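Student: Structure, please.
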Amino acid sequence: MEQIKGFRLFLYNVSSAGHALFDSLILAFYMNFLLPPAESIQSGQMIQYLPDTIFYIIPTIGFIMFAGRIIDAISDPLIASASDKSRSRFGRRRFFLIISVIPFTLTTALVFFPPVAGVSIINVIYLSCMFSLFFLFYTMYVAPYIALIPELANSEKDRLSITTAQGYFALIGGAIAMIGGSALIGLFRKHFSLTQSYQYMIILLSAVGFLFLLASIFAINEKRFTRSVPSSLDIFTSIKKTLSNRYFVIFLISYMAGWFVFNILRSSAIHVGETMMNLEIEESGLNFIILFVAAGFSFVLVMYLTRIFGKRRIMLLGLLLFALLSICLSATGLLPVNPNIYGKIFWGLLGFPTAIFLILPNVFIAELCDYDYKITGENREGIYFGVNGLFLKLNLGISTAAAAALYVFFGKDIANPLGIRLSLILGALVSLGGMIILVKYPKNLQKIEK
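Tutor: Numbering: from 1, shown residues only. The predicted model follows:
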């Protein structure tokens, strides 16, 4: 088997910027676009497309996200299993990258184009469908893409190098979405309404993300760079075997806890800037710059600390810092200090745990795939990343639904941001729970016998 390196490896890694860009566009802007502050609606700058609640008790955004996750829950393991068993001449994983790249791009943009310019049940149905399709094509691209990591790199050192490079590119993609997105909204806002500014921004950045996603399709030739054998297990047996790996379940629960709080942080960032730091929407992009620059500078430190103390201890540290810093961020505007400076300090400090969660999780999963192969003799990388993706997106639906409920029932406006503060505290508590669970993960999985 030929080792992938040089420009081809660069192109494979650069596609991380594409899916991170799309993910960040949805997470950073859809909540503020579909559930804007009352002040923006009253000024005529934004349109309210959705009712706040359905049947007076169910938050509409939460309903839409959760409905999308139901379909997603079915598609994730199906795609992962199909990827493991694929015998396509284009490659086990590459085939799925090819067929998903265009619809993945389109559905990302279409989330921001509800058909009715006002509150309507048609928009509820439309957005439920669009979010479902977005999650479907996200999985169809990302799960096979990440499943290539243990196939392309055999040692933990090489895997750490790949995941670190992908972390940097994911950071770039997230920065383009969050920083560039905020800047473009501010630029377009000089000539268009805020709603139109969001939509023009989405069109432009979706095209950029599409180019990033194409890179790995041209880079990977699985016949040259992988030696994987298609799995013969049916989907239900494969999922059962995956979830019977108790160490994978321990990792999965703790990983979901970290992403629970990170999802809330990303989806609330614009709201925090507008309601608690007294910033305009385009100025809130400065928070993202601070977060991503701090994360970028933290990557080398994360790699260094991981090689000294091991990935388990550093992951535990990341969960603890997410919890403590989220609680501190929730107090923005309550203490006798400048809320702008206070908030920016904690957005910067959040860069270190963000770097941890961009680098280490895929190293854990690659190790778990090796452990599974030692036990079963099957190459089932896809189903591991697929099951992980399934729970990751269910977690995204639950976390954003929980945040939306707190926003609706406790306040999301400049006059009353209590719901935003409570969502950050909720994320912190979940992160602490994940830390407790991760303590049970072994210090060296490879030394454990069958």
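
Student: What helix or strand is I41 located in?
Tutor: helix 38-42 (DSSP states H and E).

Student: which other helices and strands contact that helix?
Tutor: The criterion is 3 or more CB pairs under 8 Å, 6 or more residues apart in numbering; DSSP states H and E, and there are no helices or strands that helix 38-42 contacts. (Each C-beta comes from the backbone N, C-alpha and C, glycine too.)

Student: So which bits of it are buried?
Tutor: S40 (16 or more other CB atoms under 10 Å).

Student: After the helix or strand bottoming out on mean pLDDT in the chain, heading C-terminal, what element do we hit next?
Tutor: Here the helix or strand of the chain ranked lowest by mean pLDDT, DSSP states H and E is helix 222-225, holding a mean of 65. Downstream of helix 222-225, the first helix or strand assigned by DSSP H and E is helix 235-243.

Student: in this protein, which spans are strands?
Tutor: 53-54, 58-59 (DSSP state E).

Student: Pick the most deeply packed of those.
Tutor: Mean neighbours per residue, mean count of other CB atoms under 10 Å, is largest over these for strand 58-59, with a mean of 20.

Student: For that strand, give the mean pLDDT please.
Tutor: For strand 58-59, the mean per-residue pLDDT is 72.

Student: who touches that strand?
Tutor: For strand 58-59, contacts defined as CB atoms under 8 Å, 6 or more residues apart in numbering pick out D52, T53, A401, A404, A405, Y407, V408, F409.

Student: so the second one makes contact with F409?
Tutor: The reference is to T53. No. The pair T53 and F409 does not pass the contact test of CB atoms under 8 Å, sitting 9.0 Å apart.

Student: CA-only coordinates of the helix holding I41, as PDB, when you get a sec.
Tutor: Extracted as PDB, the C-alpha positions of helix 38-42 are listed here (Å, rounded to 0.1, in the frame of the first residue of the first chain):
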ATOM      1  CA  ALA A  38     -37.700  41.300  18.800                       C
ATOM      2  CA  GLU A  39     -35.900  44.600  18.200                       C
ATOM      3  CA  SER A  40     -34.700  43.400  14.700                       C
ATOM      4  CA  ILE A  41     -38.200  42.400  13.700                       C
ATOM      5  CA  GLN A  42     -39.800  45.700  14.900                       C
END
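
Student: what residue ranges in the stretch 1-150 of the chain score low on pLDDT?
Tutor: 1-3, 55-57, 69, 72-73 (pLDDT under 70).

Student: Break down it into its helices, ranges please.
Tutor: Using DSSP state H, counting those that start in this stretch, the helices of the stretch 1-150 of the chain run over 6-34, 38-42, 60-85, 94-110, 121-147, 149-152.

Student: What residues of the fifth one count as buried?
Tutor: Applying a neighbour-count criterion of 16+ other CB under 10 Å, the buried positions in helix 121-147 are 123-124, 126-147.

Student: mind checking how far that helix is from the chain centre?
Tutor: 13 Å (CA atoms, centre = their mean, to the nearest Å).

Student: and that helix, what does it pack onto?
Tutor: helix 6-34, helix 60-85, helix 94-110, helix 381-410.

Student: just the angle between that helix and helix 94-110, please?
Tutor: 150 degrees (axes from the mean of the first three to the mean of the last three CA atoms, to 10 degrees).

Student: Give me the buried entries from the contacts of strand 58-59.
Tutor: D52, T53, A401, A404, A405, Y407, V408.

Student: Report the two of the residues you listed separated the most.
Tutor: Using CB to CB, those span at most 13.5 Å, a distance reached by D52 and A401.

Student: Check what pLDDT I448 gets.
Tutor: 62.

Student: Would you work out how far apart the start and end of stretch 404-416 are?
Tutor: This stretch, stretch 404-416, spans 15 Å end to end (CA to CA, to the nearest Å).

Student: Many thanks, have a good one.
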